[in-house]
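**Q** Take a look and give me a structure for this.
(one chain, ligands or ions: 1)
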Amino acid sequence: MLIFDNIIETQNFLKSQHGKSIGFVPTMGALHEGHRALVKKSIAENDLTAVSIFVNPTQFNNPDDLKKYPRTLEEDCKLLEEAGCDVVFAPSAEEMYPNLPQLKIDFGFLENIMEGEFRPGHFNGVGIVVSKLFNIIKPNRAYFGQKDIQQVAVINRLINDLSFDIKLVVCETIREKDGLAMSSRNRRLTEDVRPSAPKIFQSLVIGKKLLLEGNSPFIVKNKIEDFYNSNPEFKLEYYEIADFETLEPITEFDKKRKTALIVAAHLGGVRLIDNKVF
Ligand code: PAF
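**A** A predicted model of the protein is given here:
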């Protein structure tokens, strides 16, 4: 496995691999089984698999969150080597941003709901860094996890609007045995709050059941708010019931259309997100 921290060297190596298909898994490190699953899928579908590890400062609206984001490069490289990854691109912030980008990407409606509303500027930062990474790696396929459902919508928009010749491959969320969605942030959950963490997934399971029983989205949201109020270790940021295709909140549930339940909540100072599509 080759490890690069330099843009030109990464591009030169990948250019020298004439005709080989490239699968790309962009990450911010602190890798877990969810990332391993993306890498495995990429390996199965491409001649070469490249993974980037870069904690992108421009997508953090909260400086404390950026400071506390886990950084475990050595461990990450071990996991990737074992998984069979070919190339790791792990640049410094100076390498990626010799000058802070002036370009702004506005994802329209997606900017103002859920993650966009609670993390102003987040998707601009994601859009810029993923575009840069796409231009550096020039992959045929890019692999993203379904856990970040709104990020998937943003990347889809980016690929379509900027005509990137890249196939977006979305992979299902990998969970711990107790249902907690795997996330790099989970390692920041302390022992006293960790047993509560599966309640986030439970709130999605309960929401689905309530909808299927005929409750309106309005009622379901109220009941879920009560659920979080009776579990005060959580600070609920949002719980949305949305159309899966558009991510627009729905006021009426239609069994024939795919629905997404999407949640963000803080537990012990750690921000966690999850979703369920059915
Ligand atoms: O999902 C992530 O880890 C990040 O948002 C990404 C796509 C690597 C961009 O920094």
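
**Q** before we move on, what SS does the residue lying farthest from the centre of the chain have?
**A** Here the chain reaches farthest from its C-alpha mean at residue 214, the gap being 31.0 Å by C-alpha atoms, centre = their mean. Remark: residue 214 carries the secondary structure label coil [criterion: DSSP: H, G, I helix; E, B strand; the rest coil].

**Q** Tell me the secondary structure at residue 142.
**A** Taking three-state DSSP, the label given to residue 142 is strand.

**Q** Not counting its neighbours along the chain, what's nearest it?
**A** Across the structure, with C-beta to C-beta, 6 or more residues apart in numbering as the measure, the residue nearest residue 142 apart from its sequence neighbours is residue 24 (4.8 Å). To be clear about C-beta, it is placed using only N, CA and C from the backbone, and glycine gets the same treatment.

**Q** how close does the spatially closest residue to residue 192 that is not a sequence neighbour get to residue 224?
**A** In space, residue 192 comes closest to residue 268 once its chain neighbours are excluded; the distance is 7.2 Å by C-beta to C-beta, 6+ apart. For residue 268, the distance to residue 224 equals 20 Å [C-beta to C-beta, to the nearest Å].

**Q** same check, this time on residue 142
**A** Using C-beta to C-beta, one obtains 33 Å as the distance from residue 142 to residue 224.

**Q** which of the two has more neighbours?
**A** Set residue 142 next to residue 224 and count neighbours by other C-beta atoms under 10 Å: residue 142 wins out with 25 against 20.

**Q** Let me see the contact set for the residue farthest from the centre of the chain.
**A** Residue 214 is in contact with no residue at all, counting by C-beta atoms under 8 Å, 6 or more residues apart in numbering.

**Q** Now it: phi and psi?
**A** Phi and psi for residue 214, reported as degrees, to the nearest 10, are phi 100, psi 0.

**Q** Local confidence estimate at it?
**A** Taken from the predicted model, the pLDDT recorded for residue 214 is 97.

**Q** got it, and the one 10 residues further on?
**A** On pLDDT, residue 224 comes in at 98.
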